[in-house]
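>>> got a predicted structure here, sequence first:
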Amino acid sequence: MAMPERLYLPLRQHVGVPAEPVVQVGARVHKGQLLARSGGPISAPIHASTSGVIADITEFTAPHPSGLAGPTIILDPDGEDRWGPRNPPADPFSLEPDEIATRVGAAGVVGMGGAAFPSAVKLDSWRRRPIRTLIINGAECEPYLTCDDRLMRERASGVVDGARLMMRALGACQVMLAVEANKPEALASLAEAARDYAYIEVRRLPVRYPNGSAQHLVTLLTGSEVPAGGRSADVGAVVYNVATAHAVYRALVHDEPLLSRVVTVDGGAVTHPGNLEVPLGALVEDLLRAAGGVSGQDRLIIGGPMMGVMLPHARVPVVKGTSGILALSVAETARRPTAPCIRCGRCVQACPCGLVPLEMAARVRTGDLEGAAGYGLEDCINCGACAYICPSFVPLTQYFQHGQGGLKARRAAVRKIEATRLLAERRSARLAREAQRKAEEAAQRKAARQKQQAAKAAKEGAP
Amino acid sequence: MSVISPVGSPHTHAAVSVTRTMGLVMLTLLPATAYGLWLFGWPAINTLMLSILGAVLGEVLCLWLAGRSPGFFLADGSALLSGWLLALTLPPWAPWWLALGGGLTAIVLGKQIYGGLGQNLFNPAMVGRVALLISFPVQMTQFVAPRPLFSADAPGLLDALAITLHGVPVNDGVTGATPLNYLKTELSRGLAIPDIPGHGLEDLFLGNAAGSLGETSAVLLLLGGLCLVGLRVIRWSVPLAMLGSLALLAASMHGLDPDRYPGVSYHLFSGAAMLGAFYIATDPVTSPVSTRGQLLFGVGCGVLTYAIRTWGNYPEGLGFAILLMNAATPLLDHYLRPRVYGRDGRGSPLRVRRPGP
């Protein structure tokens, strides 16, 4: 798409701590220049998507249903799209694992499937336990979204190279490129790109939501289940999205930080749906305009229809984890009033995690969050399969998100109370020790005085 | 700018609804019902109408008392279906008060007392039927031999009204016993099964026998039920477990003593086994939600049905069996949950396996 008038780069486009700006307002920047550095161990830097001038660093609406603002760098492109100096390594495939992870981190690569977890952090998983399998997630199981499909079809060799680099960083011995069977072209081009590498296996997945969920993908491909509360690294596997693998390839082979991504613009209200390569920081309204505008829109969504979040309006920037922009029409959202639960159990059959959604929702409704946790509230991945199939239109996922938030807040409050109690106990113990020490010192002084007096008396009485 | 209230994910929905579910159930019931109406004539049509009327009246009354909008809740079709199902289990020539009162009882005592749709512990239609069976055993077991509509001895429209309003004329030539009832009586007279002149298997299967309005044609109910399974309106688990356990028990007992215990086909194709297995026991509200729970529930229904039919006082024991298992449903739901991903059967996180050297 054409470069927009203005780019809005939020300092927080990832899970973890926001990035810290290193440029001043008014500064002239070139494409790929560091604008904000990583804010901590779990964070990611932000780079200039194109060359231009920093117009402002201010609060701007974040891509979040609340519509609340977050600190954002505003960049006015100069239209030249001028790169700064780049120093790609001579042979990226011979770099040390640490070096690969460092470069991936410096390039600001985060999980592009939507989770937006800093990729470099995950590349260090091998320090905790050996990693056997690297899984590249091209399942793209959400309806509507086709950005990964296009990427795999057209840039398969980049994906494969990124996967090879990450495999080296992780010390893994095999790569699985997992794609759902409904993308035959992507499967073919990946197989072609990976033909020379015996350790890369292209796996055809059944078409079933939510196969793209990391832990379910691990189970599908390796047979091991990720323990509750654990990570896929616990069973020797690490999962990255295909777009992330491609970004890693760009970062290492071309020394290009993450500056753009492929975004699906779709939905019944969009005039010309399609996939666009979008500079990070472009507004949703820019994308919709590029897709020919919208008409008859009922709901604007960032992400897929199953797990995406609703946007308050279109003046929200595209960030690293934005896989799709959907403008859905009334017919697609199929909004209906909630009817009583008839306990049909469809949600139980649909749940990929083995939970009992109807019981969880009933408990969240009455505020019994611990009871809901007993049915697995904290194991819920919010995939939305239960709410999708519910014949009574109960907003199950909404209940669970509410319940999980409440449970988190409650647990945090309990931890705080516990910490306060511990501090108070320590303080009273310390005070008691102090008092005891003082009493003992006083007793010693008294004893010494008495001894002295006794000695004096004896001395005076002796002659 | 207008304020948009955020809506949680998912942002799309499958083409399912309670109304659609109930509608499909009714659609698949049509053939068996139409056959029953044809078989037993105008009085049966009256019975069906009155039962549905009672159920809908009960629903409207309770919703109105509870201050809810009757339109929204009636639209789901659940009251209509309960009345319909109840009618299928009534004697076809039932007096007007039996059908009407049954429908009212089913909805008021069986469903609305608990708080309406989704809250009831017992299947409303079965509550209605069992309440009638215990309260009015005579009227509830006055079955007529089939007299197809427009046949020579079928009652006309006016005769039918008289039957509905004043009851079946006492005339032994008209009434008949259901196959199960008949067998029970003959057995209690000390006869062995091979000596009892029974109904042919085709009659049972096709439904050309005395019995309740819609229970007689096993084949139409079976086809309707299979359609429901195929359309994924109901699951295979409950019908399979129920009919399977009933068949297994019948086969083993028949094998042990063929003189006293009738065979498999007799149990499967008579006395509402098909109706119960596909349409009553699968009631979503009153059956368990997990597959394991549904299987155990179905087995319980099958075993209890056989036990009550064979050793109990009620040869048509299916209603009791289902109600008893309805009572067990909360317990089954509590103990037979699916295993949570990443956890063992007791709910603790799976242990992390140390990778081999």
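Received the coordinates, thanks.

>>> from A:H64, how far off is A:L7?
Relative to A:H64, A:L7 is positioned 18 Å away (CB to CB, to the nearest Å). Any C-beta I mention is one placed from the backbone N, CA and C, and that applies to glycine too.

>>> chain A contacts on the stretch 251-357 of chain B?
B:284-286, B:288-291, B:294, B:333, B:337-343, B:349-353, B:355 (CB under 8 Å from any CB of the partner chain).

>>> hmm, try it at 10 Å
Proximity of the stretch 251-357 of chain B to chain A is confined to B:282-291, B:293-294, B:329, B:333-334, B:337-344, B:347-357 under the rule CB under 10 Å from any CB of the partner chain.

>>> is chain A contacted by stretch B:48-60?
No. Shown here: stretch B:48-60 not in contact with chain A (CB under 10 Å from any CB), separated by at least 13.0 Å.

>>> I'd like the mean pLDDT over that stretch, please.
Stretch B:48-60 shows a mean pLDDT of 95.

>>> that stretch: how far from the chain's middle?
Here stretch B:48-60 is found 17 Å from its chain centre; the criterion is CA atoms, centre = their mean, to the nearest Å.

>>> which residues of the chain score low on pLDDT?
Because you didn't say which chain, this covers chain A. In the predicted model of chain A, residues A:462-463 satisfy pLDDT under 70.

>>> my question was about chain B, not that one.
B:1-4, B:152, B:168-177, B:190, B:193-207, B:271, B:353-357.

>>> just to revisit the earlier point, ok, A:L7 and A:H64, which is more surrounded?
Using other CB atoms under 10 Å in any protein chain shown, the more surrounded residue of A:L7 and A:H64 is A:L7, with 25 against 18.

>>> all strands of the stretch 251-400 of chain A, in order?
For the stretch 251-400 of chain A, the strands defined by DSSP state E, counting those that start in this stretch cover A:260-266, A:274-279, A:299-302, A:309-310, A:324-328.

>>> please tabulate those in JSON lines, including the columns mean neighbour count and distance to chain B.
Shown next, in JSON lines, are the strands of the stretch 251-400 of chain A (neighbours: other CB atoms under 10 Å in any protein chain shown; distance: least, CB to the nearest CB, whole Å):
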{"stretch": "strand A:260-266", "mean neighbour count": "24", "distance to chain B": "12"}
{"stretch": "strand A:274-279", "mean neighbour count": "19", "distance to chain B": "19"}
{"stretch": "strand A:299-302", "mean neighbour count": "24", "distance to chain B": "5"}
{"stretch": "strand A:309-310", "mean neighbour count": "20", "distance to chain B": "5"}
{"stretch": "strand A:324-328", "mean neighbour count": "28", "distance to chain B": "6"}
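
>>> where's the residue positioned nearest the centre of chain B relative to A:E192, distance?
Centroid-nearest residue in chain B: B:I280, 3.2 Å away (criterion: CA atoms, centre = their mean). Counting by CB to CB, the gap from B:I280 to A:E192 is 57 Å.

>>> do A:P89 as well
Applying CB to CB, the value for A:P89 to A:E192 is 26 Å.

>>> and what of B:T305?
61 Å.

>>> isn't B:W96 right up against B:T47?
Yes. Between B:W96 and B:T47 there is a contact at 8.5 Å, judged by CB atoms under 10 Å.

>>> neighbour count winner among those two?
Remark: of B:W96 and B:T47, B:T47 carries more neighbours, 32 against 20, as counted by other CB under 10 Å.

>>> tell me which element the more buried one falls in.
Using DSSP states H and E, B:T47 maps to helix B:42-65.

>>> list the buried residues of that helix.
For helix B:42-65, burial by neighbour count (16 or more other CB atoms under 10 Å in any protein chain shown) applies to B:42-60, B:62-63.

>>> centre of the chain to it, how far?
The chain centroid and the centroid of helix B:42-65 are separated by 17 Å under CA atoms, centre = their mean.

>>> elements contacting that helix?
helix B:18-40, helix B:70-74, helix B:78-88, helix B:96-108, helix B:124-135, helix B:157-166 (3 or more CB pairs under 10 Å, 6 or more residues apart in numbering or on different chains; DSSP states H and E).

>>> relative orientation of it and helix B:18-40 in degrees?
Interaxial angle of helix B:42-65 relative to helix B:18-40 (axes from the mean of the first three to the mean of the last three CA atoms, to 10 degrees): 150 degrees.

>>> could you check the angle helix B:78-88 makes with helix B:42-65?
150 degrees.

>>> for whatever residue of the stretch 51-200 of chain A ends up closest to chain B, give its distance to B:H11.
Residue of the stretch 51-200 of chain A nearest chain B, by CB to the nearest CB: A:P65 (4.1 Å). Look at A:P65 and B:H11: by CB to CB, they are 11 Å apart.

>>> look at the two and report which has more neighbours.
For A:P65 versus B:H11, neighbours defined as other CB under 10 Å are more numerous around B:H11 (29 against 19).

>>> so what's that one up against?
If you count contacts by CB atoms under 10 Å, 6 or more residues apart in numbering or on different chains, B:H11 has them with A:144, A:267, A:298-301, A:303-310, A:326, A:328, A:332-335, A:384, A:387-388.

>>> try A:L283
A:L283 makes contact with A:4-8, A:60-61, A:289, A:313-318 under the criterion CB under 10 Å, 6+ apart.

>>> phi, psi of B:P284?
Main-chain torsions, B:P284, degrees, to the nearest 10: phi -60, psi -40.

>>> give me the number of residues near the closest residue to it other than its chain neighbours?
Excluding its sequence neighbours, the residue lying closest to B:P284 (CB to CB, 6 or more residues apart in numbering or on different chains) is A:C344, at 3.6 Å. By other CB under 10 Å, 26 other residues sit near A:C344.

>>> before we move on, what about A:L422?
Neighbours around A:L422, by other CB under 10 Å: 10.

>>> make sure it is indeed in a helix.
Yes. Assessed by DSSP: H, G, I helix; E, B strand; the rest coil, A:L422 belongs to a helix.

>>> return the residues of the stretch 51-200 of chain B in contact with chain A.
Proximity of the stretch 51-200 of chain B to chain A is confined to B:F72, B:F73, B:A75, B:D76, B:S78, B:G115, B:G116, B:L117, B:G118, B:Q119, B:N120 under the rule CB under 10 Å from any CB.
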